[in-house]
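# sequence unknown, structure follows:
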């Protein structure tokens, strides 16, 4: 559900009508004017900041580079197309390819992920994070 903020000086338009006299869009209600109190305006800027997100990579750059290289080799694609945010599906990998990639990563890093570990892997970053998690758990 979306909400909209408007300043008191902003004039809102009217909804177009259909030939039968009712609003053209069913379920919408025309609101002639929206006014916000000062308290609401102050809290809206706080809410805005709450929706800002930052993307942080928890895997070390070296781990991520090895994961990217391994994935590119397994799928026979250019390594520059494999970024941390890239989804395996976007690389053309099906579920069998994903299992083979995870097996290659297990061999590359000398870890055992297990059957359930690879189920939640969607992106390259997910794979790198999982490798480091498994390495930390086995240390």
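Nice, I can see it. From a predicted model like this one, the values you see are computed outputs, not experimental measurements.

# what is the least confident helix or strand in this structure?
helix 38-50 (a mean of 47; mean pLDDT, DSSP states H and E).

# give me the contact list for the next helix or strand after that one.
Counting by DSSP states H and E, the next helix or strand C-terminal to helix 38-50 is helix 61-75. By Cβ atoms under 8 Å, 6 or more residues apart in numbering, the residues outside helix 61-75 that reach it are 57, 59, 78-79, 81-84, 88, 91-93, 97, 100-101, 104-105, 108-109, 124-125, 127-128, 131-132. Placement of C-beta: from N, CA and C, glycine included.

# now do the next helix or strand after helix 61-75 against helix 61-75, angle only.
The helix or strand immediately downstream of helix 61-75 is helix 95-109, counting by DSSP H and E. Between helix 95-109 and helix 61-75, the angle comes out at 130 degrees (axes from the mean of the first three to the mean of the last three Cα atoms, to 10 degrees).

# which helices and strands does helix 95-109 pack with?
Counting contacts by 3 or more Cβ pairs under 8 Å, 6 or more residues apart in numbering; DSSP states H and E, helix 95-109 packs against helix 61-75, helix 124-138.

# with mean neighbour count, mean pLDDT and distance to residue 117 as new columns, can these be given to me in CSV?
Listed next are the helices and strands packed on helix 95-109 as CSV, based on neighbours: other Cβ atoms under 10 Å; pLDDT from 0 to 100; distance: least, Cβ to Cβ, whole Å:
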stretch, mean neighbour count, mean pLDDT, distance to residue 117
helix 61-75, 18, 95, 14
helix 124-138, 18, 92, 6
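
# and residue 116, which of those is closest to it?
Within the helices and strands packed on helix 95-109, the stretch nearest residue 116 is helix 124-138; the backing value is 11.0 Å (Cβ to Cβ).
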